[in-house]
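A.B. asks: Give the three-dimensional model of this entry:
(chains A and B)
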Amino acid sequence: MSILVYVEQREGHVRPVAREALGEAKRLAAALGGPVVAVYCGDADANLASLGEAGAEKVLLAKHAAFAHYDGAGYAAAVAAAARATGAQVVLMAASSIGKDLAPRVAALLGVGLASDCTALETTGGKLIARRPVMAGKAFEKLAFALSPAMATLRPKAFAAPTPEAGKTAAVEALAFDWDASAPRAVVTGVSGASGDKADLTEAEIIVSGGRGMKGPENFALIEKLAEALGATVGASRAVVDAGWRPHGDQVGQTGKTVSPKLYVAVGISGAIQHLAGMSSSRWIVAINKDPEAPIFKLADYGLVGDLFEVVPALTEAVKKVH
Amino acid sequence: MLQVVCIKQVPDTETRVKVAADGRTLDPSGVTLILNPYDEFAVEQALKVKEQLGAGEVVVMTVGGAGVQTTLRNVLAMGADRAVHLKTDAVAPDGLSVARVLADAIRPLDAGAVWFGKQAVDDDAAQVGPMVATLLGRPCVTVLAKFELAGQTAKVEREIEGGREQIDVPLPAVFTTDKGLNEPRYASLKGIMAAKKKVIEERAVDLGTPAIERLALELPPPRKPGRIVGEGVAAIPELIRALREEAKVL
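C.D. replies: I've put the predicted structure just below:
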């Protein structure tokens, strides 16, 4: 019996979302029993013993020369082998770009159910119950699992990372797994732009989004300056993305990203229902719009009615003074 | 080359959610059902590949009740050649049941590419595509942002946190598509007329025992009411104060 956590890496660095999953696994282990075991896929040991500080008692290292970059089929074979070897009753990983791709493959290999992108997990009578948003957050469903292990991916930022237990180490063991790297497979040949210092929208603490009220792509410089002053990531509404002013990766809403930052600043966004669905779980919402009737004000904790072309530059200066 | 596009009929993104009396499902009254928006990019890419190769067949496939045929017909009008309707009135809360039924239907077809949208905008689960790939033992790339076919290899890109991965994939393979991959075409009047004559093959399927049970569907907790801090530049000091002292985010 174990609570198994897939610990993801990019370029040999464990990503923060993996610690969030370890923290939740530790909480579940208190109710369900069983050690917290981490499984790591890579081409080398990346100081994995230190994962003990985040709650792992043991780390299984799935080492393969082809594992420097993400390999969906190979990683899935390793994680499924780890689940079998440890008799996992729960398997957790982040709902990141890796986790969203990997977890369904592992579930298919194990023949079990998966709850994607969960925002809360609880236990009743020794069983896991998952709570997760549907329709980008317009509603939430509660799911029970008929088979073991129960698998869940965890939405980034929805689960607190554990306070590190300084000096605690995990035992690192090599994982034996069967995988034929010579079979036809998707091979990552390069990664661009991911080194960035800017957090992805789905993992950002603060987001500043612009909508149609920006009047044109050139005016997003105002949004970028405010975002820079706040240490925020830039987002956009669907109208702006469909008009080609911003790349699709910036879109927040039901056909874009669902976000839950600490602070969401909506600038010149009226608040279409599909946009509100994607950001309504933000901790604090600020709206700046010249139309006092805009639906976004119904959701905003703090609304400022005014011309964004005057307000945003002044707000940027004011933020710089207090930061 | 034969290609399969797996689609799902979903509630329109403008839908306001009402929970049905059973406390577990969406109240269907007043809900408009549409082709899952991400599936439009899958359909478009399959049609583009067929045009590039100058030959082949695009088969559109879905799992669901009788009502899904209107959406299958829409995809036939966009240009798919024929449709397979895997018919069941059961609603599976888990991706695995659906993936098994689709994989069984796709396996005998010798498909060079199988396409899905990256996720359905109703359950947002993003499971069925990579599950089908795993059940078929085929290479798979999810959340495609770019696709180029060169012989038997696809050169593709997928979005990751803050960047992109470049990936080479040998066909046959499974792909899930993101917005931005292409500009989906509209069905032409000619396409709509032609679609009326295209075949929708019905096959009864059994989803089996689901691996997951939905206990409840709930509306999100209401947010506590906010306030207007003021108008124009004059309201900025109050906004800054609120963000520092109340929200404690500055």
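
A.B. asks: and the gap between the nearest residue to A:Pro164 once chain neighbours are set aside and A:Thr163?
C.D. replies: Among residues not flanking A:Pro164 along the chain, A:Glu53 sits closest, at 4.2 Å (CB to CB, 6 or more residues apart in numbering or on different chains). Every C-beta, even on glycine, is put in place using the N, C-alpha and C of the backbone. According to CB to CB, to the nearest Å, A:Glu53 stands 9 Å off from A:Thr163.

A.B. asks: Please apply the same query to A:Ala25.
C.D. replies: Remark: distance between A:Ala25 and A:Thr163 (CB to CB) = 15 Å.

A.B. asks: same question, B:Glu57
C.D. replies: The gap separating B:Glu57 from A:Thr163 is 58 Å, by CB to CB.

A.B. asks: In which helix or strand does B:His85 reside?
C.D. replies: strand B:82-87 (DSSP states H and E).

A.B. asks: follow-up on the earlier one: which one of A:Ala25 and A:Thr163 is surrounded by more residues?
C.D. replies: Using other CB atoms under 10 Å in any protein chain shown as the criterion, A:Ala25 and A:Thr163 rank with A:Ala25 on top: 29 against 10.

A.B. asks: Could you pull up the contacting residues of B:Ala90?
C.D. replies: B:206-207 (CB atoms under 8 Å, 6 or more residues apart in numbering or on different chains).

A.B. asks: buried stuff in the longest helix seen in chain B?
C.D. replies: Taking DSSP state H as the criterion, chain B has its longest helix at helix B:37-53. Neighbour-count burial for helix B:37-53 flags B:37-50 (criterion: 16 or more other CB atoms under 10 Å in any protein chain shown).

A.B. asks: Closest to chain A out of the residues you listed?
C.D. replies: Nearest to chain A, judged by CB to the nearest CB, of the buried residues of helix B:37-53 is B:Pro37 at 5.0 Å.

A.B. asks: hang on, the closest one packs against A:Thr255?
C.D. replies: Yes: the pair B:Pro37 / A:Thr255 is scored as a contact, 5.0 Å apart, by CB atoms under 8 Å.

A.B. asks: what's next to the following helix or strand past the strand holding B:His85, contact-wise?
C.D. replies: Going down the chain from strand B:82-87, the next helix or strand is helix B:95-106, by DSSP H and E. The contact list for helix B:95-106 (CB under 8 Å, 6+ apart) reads A:104, A:107-108, A:111-114, B:4, B:6, B:61, B:63, B:84, B:86, B:88, B:92, B:114, B:125, B:127-128, B:131-132, B:135-136, B:203, B:205-208, B:210-211.

A.B. asks: Could you list which of these belong to helices?
C.D. replies: Restricting the contacts of helix B:95-106 to those inside helices, with DSSP H as the criterion, leaves A:104, A:107-108, B:128, B:131-132, B:135-136.

A.B. asks: for the residue nearest to A:Lys127 when sequence neighbours are not counted, phi and psi?
C.D. replies: In this structure, A:Lys127 finds its nearest non-sequential neighbour in A:Ala144, 6.5 Å apart by CB to CB, 6+ apart. The phi and psi torsions at A:Ala144 (degrees, to the nearest 10) take the values phi -110, psi 150.

A.B. asks: show me the contacts for the residue nearest to A:Ala88 when sequence neighbours are not counted.
C.D. replies: Residue nearest to A:Ala88 in three dimensions, not counting chain neighbours: A:Leu4, with 4.0 Å by CB to CB, 6+ apart. A:Leu4 makes contact with A:25, A:37-39, A:79, A:82-83, A:86, A:88, A:90-92, A:149 under the criterion CB under 8 Å, 6+ apart.

A.B. asks: Just say helix, strand or coil for A:Gln89.
C.D. replies: At A:Gln89 the chain is in strand, as set by DSSP: H, G, I helix; E, B strand; the rest coil.

A.B. asks: er, A:Ser148 actually
C.D. replies: Quick answer, by three-state DSSP: A:Ser148 is coil.

A.B. asks: how near is it to A:Gln89?
C.D. replies: 5 Å.

A.B. asks: higher neighbour count, those two?
C.D. replies: Counted by other CB under 10 Å, A:Ser148 and A:Gln89 do not tie: A:Gln89 has more neighbours, with 22 against 18.

A.B. asks: residues touching the more buried one, list them.
C.D. replies: Each residue near A:Gln89 by CB under 8 Å, 6+ apart is listed here: A:1-3, A:32, A:34, A:148-150.

A.B. asks: next one: A:Arg212
C.D. replies: Contact analysis of A:Arg212 by CB under 8 Å, 6+ apart lists A:237, A:239-240, A:243, A:268-270.

A.B. asks: Need the ones in helices among the contacts of helix B:95-106 in JSON lines (columns: neighbour count and distance to A:Phe297).
C.D. replies: Output for the ones in helices among the contacts of helix B:95-106, formatted as JSON lines (neighbours: other CB atoms under 10 Å in any protein chain shown; distance: CB to CB, whole Å):
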{"residue": "A:Pro104", "neighbour count": "31", "distance to A:Phe297": "39"}
{"residue": "A:Ala107", "neighbour count": "32", "distance to A:Phe297": "42"}
{"residue": "A:Ala108", "neighbour count": "26", "distance to A:Phe297": "45"}
{"residue": "B:Val128", "neighbour count": "30", "distance to A:Phe297": "38"}
{"residue": "B:Met131", "neighbour count": "30", "distance to A:Phe297": "42"}
{"residue": "B:Val132", "neighbour count": "30", "distance to A:Phe297": "44"}
{"residue": "B:Leu135", "neighbour count": "21", "distance to A:Phe297": "48"}
{"residue": "B:Leu136", "neighbour count": "21", "distance to A:Phe297": "49"}
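
A.B. asks: Just the CA coordinates for stretch A:59-66, please, in PDB.
C.D. replies: Output in PDB follows, covering the C-alpha atoms of stretch A:59-66 (Å, rounded to 0.1, in the frame of the first residue of the first chain):
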ATOM      1  CA  VAL A  59      11.800   7.900  -4.300                       C
ATOM      2  CA  LEU A  60      11.800   5.500  -7.200                       C
ATOM      3  CA  LEU A  61      14.100   6.600  -9.900                       C
ATOM      4  CA  ALA A  62      13.100   5.500 -13.400                       C
ATOM      5  CA  LYS A  63      16.300   6.200 -15.200                       C
ATOM      6  CA  HIS A  64      16.600   6.000 -19.000                       C
ATOM      7  CA  ALA A  65      18.800   7.700 -21.600                       C
ATOM      8  CA  ALA A  66      15.700   8.600 -23.500                       C
END
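
A.B. asks: Now it: buried residues?
C.D. replies: For stretch A:59-66, by 16+ other CB under 10 Å, it's A:59-62, A:64.

A.B. asks: Which element, helix or strand, includes the closest residue to A:Leu315 other than its chain neighbours?
C.D. replies: Leaving out its chain neighbours, the residue that sits closest to A:Leu315 by CB to CB, 6+ apart is B:Ile236, at 5.5 Å. For B:Ile236, the host element (DSSP H and E) is helix B:236-241.
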